[in-house]
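J.: structure, please.
(2 chains)
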Amino acid sequence: MDLRLPIGLVFTIYGLLLCGYGLFTKGASMYAKSLGVNINTGWGIVMLVFGLLMLFLAKRANKS
Amino acid sequence: MTHLNPLLILAASTQSIDTSGFANQIDLHLIDYSILGIYLAFVIGIGFALKRQMRSAEDFLLSGRSIPGWVTGLAFISANLGAQELIGMAASGAEYGIMTSHFYWVGAIPAMVFLGIFMMPMYYGSKAKSVPEYLKMRYDERTRTFNSVSFACMTIFSSGISMHALADLLHALLGWNYTLSLVITSAIVLAYVLKGGLSSAIYNEVLQFFMIVFGIAPLAYIGLKDVGGWEGLVAKMSANNPAAMHSWAGTADTANPLGVPWYGILFGLGFVLSFGYWCTNFAEVQRALAANSMGAARRTPIVGAIPKMLFPAIVILPGMIAYALSSDAVAGGYAIPLKDGVPNYNQVLPSMIFHYFPNGLLGLALTALMASFMSGMAANVTAFNTVWTYDIYQQAWGRNKGDSQLLMMGKIATVVGIVLAMGCAFIAAKYNNIMSILQLVFGFVNAPLFATFLLGMFSRRSNNTGAFWGLVIGTTTAIVFHGLCFASGNAPGVKGAWISPLIEFPKEMSQGFWVAIVAFSTTFLVNAILSAVTKRTKSDEELRGLVYSLTEKQVADNDPWIMRPAILGSIVIIAAVILNIIFW
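T.: Reported below is the predicted structural model:
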């Protein structure tokens, strides 16, 4: 089993989920906790990039 | 403590995370539960995906030496990253400041590099299935039994204590039923270890490693933003607690946050405690033994050392920020929760998470805490079932047993181990003091073991008599010494001086360092002297591959030069030295 596949999947899903949730709750009062930063969207993008990178690496290894 | 890490026993200094200060319970939303649910589905899924590969006892208990080096490397540090390590290190960051980094840059890193470069050729090359089995090959059955029985007991108790801590935390924070949280989290670990054996534990540890990093890292970001960036942190700390901003500057004497001078740090923490923990604890070494080649096995702890070196940024830094913010707290801003009027440092990490994280990120952080608990627990369980099956059961009753019987025993040991650990969790919940005593006793085991390994692996003269009596006398001396010394302000009892208050140390931390130093030195001397005055028990021929000077040096394999253990290890050491200088 190439471990990069499940790790890539988990973080791609998390990235999409948090990004979506962040956009959906834009301007919500709970972001006062994170000092006005919509941290769900921001961190969601970071996780999405990481997840996609892992999936890409797994796919490339699978080809060769 | 998740892993019997003596360093942490000292660092956190309390056995269970005291959660009494959380008056308001936190509301989780659907998004938070979804994040937790997805994680749980993947963890169990990985176990089931590996099920087909589990054909023999060796597959189940040893992963058939099939796992790539980067995976075992990340699993190596994840196995140690229990929830209590995270909480304990954030607590120490708040209490001791940058000196906490000694647990990483002086403690962990050199020991991990040493294990990879110098010890792994014998561990992996001897084909020993476990740390106790190596002791049997190098010395004899007595020494192995001493180690396997004490290790098996320790693992169960430490699992139990960390299970208790997690269930307690979930109960206090989220209002979840204590027993139910305990049973469900254990059942999940049981499910994936039982299905996919050691491979499943190791693969999941890597997933858990990334979960922990992604779940906890945003804390440093928001915290820094709140405190006014690095400059803001430095300014607040210089005004309130300047000593907390230096790792070495105040160590000429004991007047520093740890209460330990520089030679105590180097020898006690940097040498005895860390090498004892990282180089002889089977729950750690087992990850490297599962690697698919000698090169990968030797790189395992060295690869793990790279992220380990950066961990202070996500665990210690938030602790320091918490201290800085509390030192001149504003209304509605973050402050460390108090208990009986004094800061309750163990609450730093959870209270910061709840203060700063909105729903969504909150679910991610809770999942990270859960993941850290599971990685530590699974590491203990997989180490326990291997030691039980090969070093205790097969040795005592199963010399003629076939592979399928050993596989069955490995699975039974997995279930029984988890059930026993749950029992210990309930005992811990009821009698906290008994667990503190046990914890302390466990703290005495690693230093003597490391002295035995050091002589065993690097001297061909050390013999069976020296090894066994060195361990017995060294461990006993440590216990007696602990009974004679205490930290200023502590009443005689569990924390020392239960025989007589003879020697006083400025802090619990320094007391712990010196107990370990005494344990190590006694074991080393007894082993060396007895070995010198009694006959050799094994010839050079018998010690081939077990002692460094009698082990063939590995010829460079096909790895690129940068991946050679000695080169990679040197780079890691240089980086650690640079970090020490930067934060001097």
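J.: go ahead and confirm residue B:191 touches residue B:51.
T.: No: under the criterion of C-beta atoms under 8 Å, residue B:191 is not in contact with residue B:51, lying 10.8 Å apart. Heads up, the C-betas are built off the backbone N, CA and C, glycines and all.
J.: and the most centrally placed residue in chain A, how far is that from residue B:28?
T.: With distances taken as C-alpha atoms, centre = their mean, residue A:15 lies nearest the centre of chain A, 1.8 Å away. Remark: distance between residue A:15 and residue B:28 (C-beta to C-beta, to the nearest Å) = 20 Å.
J.: and if you look at residue B:537?
T.: Using C-beta to C-beta, residue B:537 is found at 61 Å from residue B:28.
J.: kindly report the same for residue B:83.
T.: Distance, residue B:83 to residue B:28, by C-beta to C-beta: 18 Å.
J.: so where's the stretch 301-450 of chain B shaky on pLDDT?
T.: B:432-443 (pLDDT under 70).
J.: and it, which of its residues are near chain A?
T.: Counting by C-beta under 8 Å from any C-beta of the partner chain, the stretch 301-450 of chain B comes close to chain A at B:355, B:356, B:357, B:358, B:359, B:360, B:361, B:364.
J.: mind putting the residues you listed into a markdown table with neighbour count?
T.: Below are those laid out as a markdown table (neighbours: other C-beta atoms under 10 Å in any protein chain shown):
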| residue | neighbour count |
| --- | --- |
| B:355 | 19 |
| B:356 | 24 |
| B:357 | 26 |
| B:358 | 22 |
| B:359 | 20 |
| B:360 | 30 |
| B:361 | 30 |
| B:364 | 27 |
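J.: contacts for the strand or helix carrying the residue nearest to the centre of chain A, please.
T.: In the assignment (DSSP states H and E), residue A:15 maps to helix A:4-24. The contact list for helix A:4-24 (C-beta atoms under 8 Å, 6 or more residues apart in numbering or on different chains) reads A:38-58, A:61, B:31, B:34-35, B:38-39, B:42, B:45-46, B:49, B:203, B:206-207, B:210-211, B:214, B:360-361, B:364.
J.: now swap in stretch B:568-581 and tell me
T.: Residues from elsewhere that reach stretch B:568-581, judged by C-beta under 8 Å, 6+ apart: B:101, B:105-106, B:109-110, B:113, B:116-117, B:247-248, B:299, B:302-303, B:305-306, B:309, B:562.
J.: among those, which are in helices?
T.: Members of the contacts of stretch B:568-581 lying in helices (criterion: DSSP state H): B:109, B:110, B:113, B:299, B:302, B:303, B:305, B:306, B:309.
J.: looking at the residues you listed, which is nearest residue B:133?
T.: Among these, residue B:299 lies closest to residue B:133 (C-beta to C-beta), at 22.4 Å.
J.: quick check: pLDDT value at the residue nearest to the closest one when sequence neighbours are not counted.
T.: Nearest residue to residue B:299, sequence neighbours excluded (C-beta to C-beta, 6 or more residues apart in numbering or on different chains): residue B:69, at 4.7 Å. Looking at residue B:69, its pLDDT stands at 86.
J.: which ones are touching residue B:69?
T.: Listed by C-beta under 8 Å, 6+ apart, the contact partners of residue B:69 are B:291, B:292, B:293, B:295, B:296, B:297, B:299, B:300, B:303.
J.: report how many residues lie close to residue 28.
T.: I'll assume chain A. Using other C-beta atoms under 10 Å in any protein chain shown, residue A:28 has 13 neighbouring residues.
J.: sorry, I should have been clearer: chain B.
T.: Residue B:28: 16 surrounding residues under other C-beta under 10 Å.
J.: so it touches residue B:362, yeah?
T.: Yes: between residue B:28 and residue B:362 there is a contact at 7.1 Å, judged by C-beta under 8 Å.
J.: residues in contact with residue B:188?
T.: B:40, B:43, B:44, B:374.
J.: check which helix or strand covers it.
T.: Short version, using DSSP H and E: residue B:188 is in helix B:178-227.
J.: so which bits of the following helix or strand past that helix are buried?
T.: Counting by DSSP H and E, the element after helix B:178-227 in chain order, helix or strand, is helix B:229-240. Buried positions in helix B:229-240, judged by neighbour count with 16 or more other C-beta atoms under 10 Å in any protein chain shown: B:232, B:233, B:236, B:237.
J.: wait, does helix B:229-240 contact chain A?
T.: No: counting by C-beta under 8 Å from any C-beta, chain A has no neighbours in helix B:229-240; the shortest distance is 12.6 Å.
J.: low-confidence stretches in the chain?
T.: Just going to use chain A. Filtered on pLDDT under 70, chain A yields no residues whatsoever.
J.: you answered for a different chain; I wanted chain B.
T.: Chain B contains residues with pLDDT under 70 at B:1-25, B:432-443, B:554-557.
J.: for it, what spans make up the strands?
T.: B:338-339, B:342-343, B:485-487, B:503-505 (DSSP state E).
J.: okay, those in TSV with mean neighbour count next?
T.: Listed next are the strands of chain B as TSV, based on neighbours: other C-beta under 10 Å:
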stretch	mean neighbour count
strand B:338-339	13
strand B:342-343	13
strand B:485-487	21
strand B:503-505	16
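J.: and the nearest residue to residue B:202 once chain neighbours are set aside, what does it touch?
T.: Leaving aside its sequence neighbours, residue B:202 sits nearest to residue B:75 (C-beta to C-beta, 6+ apart; 4.3 Å). Residue B:75 makes contact with B:201, B:202, B:203, B:205, B:206, B:209, B:287 under the criterion C-beta under 8 Å, 6+ apart.
J.: does the third one really touch residue B:45, like I thought?
T.: No: under the contact definition of C-beta under 8 Å, residue B:203 does not touch residue B:45, with a separation of 10.6 Å.
J.: these two: which has the busier surroundings?
T.: Counted by other C-beta under 10 Å, residue B:203 and residue B:45 do not tie: residue B:203 has more neighbours, with 25 against 16.
J.: related to what we said a few turns ago, what's the angle from the helix holding residue A:15 to helix B:178-227?
T.: Interaxial angle of helix A:4-24 relative to helix B:178-227 (axes from the mean of the first three to the mean of the last three C-alpha atoms, to 10 degrees): 70 degrees.
J.: from the ones in helices among the contacts of stretch B:568-581, which is closest to chain A?
T.: Taking C-beta to the nearest C-beta as the measure, chain A lies nearest residue B:303 of the ones in helices among the contacts of stretch B:568-581, at 14.1 Å.
J.: residues touching the residue nearest to that closest one when sequence neighbours are not counted, list them.
T.: The shortest distance from residue B:303 to any non-neighbouring residue, by C-beta to C-beta, 6+ apart, is to residue B:73 (2.9 Å). Contact partners of residue B:73, counting by C-beta under 8 Å, 6+ apart, are B:299, B:300, B:301, B:302, B:303, B:304.
J.: contact residues of the stretch 1-150 of chain B facing chain A?
T.: Going by C-beta under 8 Å from any C-beta, the residues of the stretch 1-150 of chain B near chain A are B:31, B:34, B:35, B:38, B:39, B:42, B:45, B:46, B:49, B:50, B:71.
J.: same thing but at 10 Å, please
T.: Applying C-beta under 10 Å from any C-beta of the partner chain, we find that the stretch 1-150 of chain B lies next to chain A at B:29-32, B:34-35, B:38-39, B:41-43, B:45-46, B:49-50, B:52-53, B:67-68, B:70-71, B:74.
J.: so of these, which ones are in helices?
T.: Among those, the members found in helices (DSSP H) are B:30-32, B:34-35, B:38-39, B:41-43, B:45-46, B:49, B:70-71, B:74.
J.: shouldn't residue B:351 be in contact with residue B:335?
T.: Yes: judged on C-beta atoms under 10 Å, residue B:351 makes contact with residue B:335 at a distance of 8.8 Å.
J.: so which of those two has more stuff around it?
T.: Taking neighbours as other C-beta under 10 Å, residue B:351 and residue B:335 compare with residue B:351 leading, 21 against 17.
J.: could you report the separation of the residue lying farthest from the centre of chain B from chain A?
T.: Among residues of chain B, the one most distant from the C-alpha centroid is residue B:331; the distance is 37.9 Å, by C-alpha atoms, centre = their mean. To chain A, residue B:331 is 14 Å away according to C-beta to the nearest C-beta, to the nearest Å.
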